[in-house]
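>>> This is a predicted model, with the sequence first.
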Amino acid sequence: MPLPQKLQEIVDDFAGMSREEKIETLIAYAESLPPLPERFAEERAKMEPIPECMTPVFLFGEKQADGGVVFYLDIPPQSPTVQGLACILTTGLNGCKPEEILAVPADFFTPMKLEEAISGQRLNGFRGVLAHMKQTTVNLMEA
Amino acid sequence: MTYAHPEYLVETEWLAANLDNPTIRIVESDEDPLLYAIGHIPGAVQVDWFSTLQHPLRRDFLTREQFEDVASKLGITNSTTVIFYGDKSNWFACYALWIFEYYGHKNVKILNGGRIKWEQEKRPLVKEAPSYAKTTYRAKEADKSIRAFRDEVLAHSNARKPLVDVRSAKEYTGEMLHMPNYPQEGATRGGHIPGAASIPWSQAVNESDATFKTTGELTALYEGKNIKPDSEVIAYCRIGERSSLTWFVLKYLLGYPQVKNYDGSWTEWGNLVDAPIEK
């Protein structure tokens, strides 16, 4: 299955960028991550942040009437890299059908060559958030 | 009671008044590499623990010549006072300081409280990256007295000399093999090096503003776990970054004479064939 169109466009955009453009664009994504909607506040308060060096990522998913899934995230501003990577995922995947989300390969971001801008180790954040989104999608399908 | 070597710290107030001081170079070293571009202390340059300080090929950090090149491009001379700061209570700032010290740089300091305190005090942050004229920098021979390698760690453990495991409690007990979602930085076995005391690094800093705890609190913390100044101490974590903060605390705040950081840490030990493990 091909990547969802919006996500594919983002991947293609990054592929053609210089290192500086990648950094600027990632920051722009980080800054455009919308705040978590109020209706999740109660659930958010019940979740435990992950201890130690992990960035605490809170992720919620909702099923839309048309069967698509929309994700909402809460990530602290002290972790702009994780915010930026997560926002790329929500921008590229929000509204997609569960099967499209589950079909996104874990290494879909390889052509973006993000390691030119941020160390390859930090790209684990991408894998982590995507895995989290897939798990949330599975839970929504079972619900 | 003051720290054993208070000259290894600067306070935010001092730094704010010394931003134009030509004898210093401010260096930001973060866990999150985008923070510098979003805003940094005026005049600060950036090093990234991975892309700037690691060897491009093997698991090691820069060679002496590569380090000289990095220092030179950052406009650092052999007599520059280098002041490190960063996010996450300065772990990667301490890691960068440790590498500078490994190559013999004198006059290194940590900004007490790092980015967190600077931001809390609403001090200026700028986006513009400064540029400094390239210098001629000469590094010294690597100082192995502050870096432990695996054979030495094994001998140390066998001799029941003090080891400090600064990872979280669940990593120490082996319940958690790697940090969630960081499988590439993981190990195939969980647990800790036999004889190691569990003293998570974060206990050395105040949660409120990321400054270091007082001498009294730190002494109680380490001596309470039998980590004493009269012995050789080795600290480790997962990849050697959190333990460089503990190394800094033991060596410069408490003045322990013989402290080493084992940067191979759990990602080496937990994968090492035949290495003894305790759970």
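Structure received.
>>> give the contact list for B:Glu11.
Listed by Cβ atoms under 8 Å, 6 or more residues apart in numbering or on different chains, the contact set of B:Glu11 reads B:111-113. Yep, even glycine has a C-beta here, placed from its N, CA and C like the rest.
>>> ditto for B:Gly270
B:Gly270 makes contacts with B:177, B:186-191, B:277, as judged by Cβ under 8 Å, 6+ apart.
>>> Strands along the chain, start to end?
Since you didn't name a chain, this refers to chain A. Secondary structure of chain A (DSSP state E): strands located at A:58-63, A:69-74.
>>> The intended chain is chain B.
B:9-10, B:24-30, B:45-48, B:81-85, B:108-111, B:163-165, B:196-198, B:233-236, B:259-262.
>>> Same list (the ones you listed) but as TSV, adding distance to B:Thr2, mean neighbour count and mean pLDDT.
Output for those, formatted as TSV (distance: least, Cβ to Cβ, whole Å; neighbours: other Cβ atoms under 10 Å in any protein chain shown; pLDDT from 0 to 100):
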stretch	distance to B:Thr2	mean neighbour count	mean pLDDT
strand B:9-10	10	20	98
strand B:24-30	22	24	97
strand B:45-48	29	21	95
strand B:81-85	19	24	98
strand B:108-111	15	23	98
strand B:163-165	23	25	98
strand B:196-198	26	19	98
strand B:233-236	21	28	98
strand B:259-262	19	26	98
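>>> give me the low-pLDDT residue ranges for the chain?
By default, I'm working from chain A. Within chain A, the stretches with pLDDT under 70 are A:48-54.
>>> let's do chain B instead
Using pLDDT under 70, chain B drops low at B:178-185.
>>> domain ranges for it?
Domains of chain B are assigned by automatic domain parsing as B:6-142, B:145-269.
>>> mind listing what B:Pro130 touches?
B:Pro130 sits next to B:42-45 when contact means Cβ under 8 Å, 6+ apart.
>>> at 10 Å what do you get?
Neighbouring residues of B:Pro130 by Cβ atoms under 10 Å, 6 or more residues apart in numbering or on different chains: B:25-26, B:40, B:42-45, B:74-75.
>>> In contact with B:Gln258, which residues are there?
With contact taken as Cβ under 10 Å, 6+ apart, B:Gln258 is in contact with B:145-146, B:161, B:229-234, B:250-251.
>>> Could I have the ChimeraX command that selects the buried members from these?
Selecting only the buried entries of the contacts of B:Gln258 in ChimeraX, with 16 or more other Cβ atoms under 10 Å in any protein chain shown as the criterion:
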select /B:146,229,232,233,234,250,251
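>>> which of the contacts of B:Gln258 sit farthest apart?
Spanning the widest gap among the contacts of B:Gln258 are B:Ile146 and B:Asp230, at 18.1 Å by Cβ to Cβ.
>>> Can you get me a residue count around the residue of chain A found nearest chain B?
Residue nearest to chain B within chain A: A:Gly128 (2.9 Å; Cβ to the nearest Cβ). The local packing of A:Gly128 (other Cβ atoms under 10 Å in any protein chain shown) involves 22 other residues.
>>> can you map out the helices along the stretch 101-250 of chain B?
Ranges of helices within the stretch 101-250 of chain B are B:114-120, B:150-158, B:169-173, B:215-223, B:242-248, based on DSSP state H, counting those that start in this stretch.
>>> Can you tell me what sits against the third one?
Just to be clear, that refers to helix B:169-173. For helix B:169-173, contacts defined as Cβ under 10 Å, 6+ apart pick out A:51-52, B:165-167, B:175-179, B:187, B:190-193, B:196-200, B:237-238, B:266, B:270, B:278-279.
>>> Repeat that for the fourth one.
Helix B:215-223 is contacted from outside by B:1-4, B:6, B:162, B:164, B:197, B:199, B:203-206, B:212-214, B:227-229, B:233, B:246, B:249-250, B:253-256, using Cβ under 10 Å, 6+ apart.
>>> Just the buried ones from those residues?
Buried members of the contacts of helix B:215-223, scored by 16+ other Cβ under 10 Å, are B:3-4, B:162, B:164, B:197, B:199, B:204-206, B:212-213, B:227, B:229, B:233, B:246, B:249-250, B:253-254, B:256.
>>> Just list the residues touching the closest residue to B:Trp269 other than its chain neighbours, thanks.
Ranked by Cβ to Cβ, 6 or more residues apart in numbering or on different chains and with sequence neighbours excluded, the top spatial neighbour of B:Trp269 is B:Ala275, at 5.4 Å. By Cβ under 10 Å, 6+ apart, the residues touching B:Ala275 are B:150, B:153-154, B:157, B:189, B:193-194, B:268-269.
>>> Kindly report the same for B:Ile24.
Neighbour list for B:Ile24: B:10, B:15, B:18, B:43, B:76, B:80-83, B:107, B:109 [criterion: Cβ under 10 Å, 6+ apart].
>>> repeat for B:Tyr252
B:Tyr252 touches B:3-9, B:94, B:97, B:101, B:108-110, B:212, B:259, counting by Cβ under 10 Å, 6+ apart.
>>> Redo the strands of chain A as CSV? Include distance to chain B and mean neighbour count.
Listed next are the strands of chain A as CSV, based on distance: least, Cβ to the nearest Cβ, whole Å; neighbours: other Cβ atoms under 10 Å in any protein chain shown:
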stretch, distance to chain B, mean neighbour count
strand A:58-63, 12, 17
strand A:69-74, 14, 19
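>>> Cool, thanks, signing off.
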